[in-house]
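In: coords please:
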Amino acid sequence: MNPRMTCKASIVEGVLSIWLAMPRRVAHWPQVLALAALALAASTQASERREAAYRDAPRKLYRGTLTQQDDRLLLAPCGGGRTVRVRDVSPEVIITAAITDIGFDRVKRLHFEAYGRMLDGELMIDRLNRAGVEMGCQQTQVGLRAQGNEPGWALESTAKGVTWTRQGDAALRGAPAALGWHWPHGDQHRPYAMLEVATQHMALSAVLIPRICRDTMADAVYGFTAQVRQLRPEPVADFKGCAFLGTERLR
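Out: Numbers count the residues shown, from 1 in each chain. From the prediction side, this is the model:
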């Protein structure tokens, strides 16, 4: 449930319980209507305050081990700290659907990374970064990593530079490059990010789109699809796969 609706739902439920407890006489309808009006006004104000608090809370990338206890999702953060309850507020709870698709409902435990905000002691997540049974907390600082299969390839960006690897070929390296975000026609709901690298021996461009991406070769799911075009060395080739962000910021 959307966090902004929680308060309103609880108040309306309270009014309904009062109405159900009252004798069924027409004389009571004015009181019921008055209670309903007061409840609606109070719930609207509470919902607006909660929405403002959620909007003003800083959005961060949270990493850790996700477990399930009864109907609760719990995240134990990388590096230690307090375990927090997680609520999926993504559209159509797509994050929960994605981790269920890789067997979370069966294993009840996996490495999990998502963007969200803390509200009233709970972590409200709205964008997946990555999740998987065989993943773990990273020890090295990676800006972003994209990868794919058949044939295997990987693109990794760090503060030291960009590394492009294709199965069976030597790794190619370039200078550090920043990830640039774009919003076609100013549409805030359809962003994409681009990374471009060019050296004497290598030229490529990579596009990351915030969209759930399943790694079919592993029990893993990512929050971004990746499309890489290798321009040099020739021949020109296109690659598709999944990606996640590290130190690069989600815009």
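In: mind listing the strands in the stretch 151-251 of the chain by residue range?
Out: 153-158, 161-166, 172-174, 180-182, 192-198, 203-215, 220-232, 237-245 (DSSP state E, counting those that start in this stretch).
In: Can you give the contact residues for the first one?
Out: Among residues not part of strand 153-158, those counted as contacts by Cβ atoms under 8 Å, 6 or more residues apart in numbering are 140-148, 162-167, 176-177, 179, 195, 204, 206, 226, 228, 239, 241, 243, 248. No exception for glycine: its C-beta is placed from N, CA and C like everyone else's.
In: ok so, going back, of all the strands of the stretch 151-251 of the chain, which one is nearest residue 35?
Out: strand 203-215 (43.5 Å; Cβ to Cβ).
In: Pull up the pairing partners for that closest one, direction included.
Out: strand 192-198 (antiparallel), strand 220-232 (antiparallel) (DSSP bridges).
In: average model confidence for that strand?
Out: Averaged across strand 203-215, the pLDDT comes to 96.
In: Narrow the contacts of strand 153-158 to those that are buried.
Out: Neighbour-count burial within the contacts of strand 153-158 applies to 143-148, 162-166, 177, 179, 195, 204, 206, 226, 228, 239, 241, 243, 248; the criterion is 16 or more other Cβ atoms under 10 Å.
In: wait, is residue 62 part of a strand?
Out: Yes - according to DSSP: H, G, I helix; E, B strand; the rest coil, residue 62 belongs to a strand.
In: Double-check it against residue 77; I have them as touching.
Out: Yes - in this structure, residue 62 is within contact of residue 77 by Cβ atoms under 8 Å, at 6.7 Å.
In: More neighbours: the two, which one.
Out: It is residue 62, of residue 62 and residue 77, that has more neighbours when counted by other Cβ atoms under 10 Å, with 20 against 15.
In: which residues touch that one?
Out: 75, 77, 113-116, 123, 125.
In: Let's see that with 10 Å instead.
Out: Shown in contact with residue 62 (Cβ atoms under 10 Å, 6 or more residues apart in numbering): 75, 77-78, 84, 86, 112-118, 123, 125, 129.
In: is it in a bridge, and if so with what?
Out: Going by DSSP bridges, residue 62 forms beta bridges with residue 114.
In: I'd like to know how far it sits from residue 181.
Out: According to Cβ to Cβ, to the nearest Å, residue 62 stands 21 Å off from residue 181.
In: One more: residue 74?
Out: For residue 74 relative to residue 181 (Cβ to Cβ), the value is 32 Å.
In: what's the answer for residue 77, then?
Out: To residue 181, residue 77 is 26 Å away according to Cβ to Cβ.
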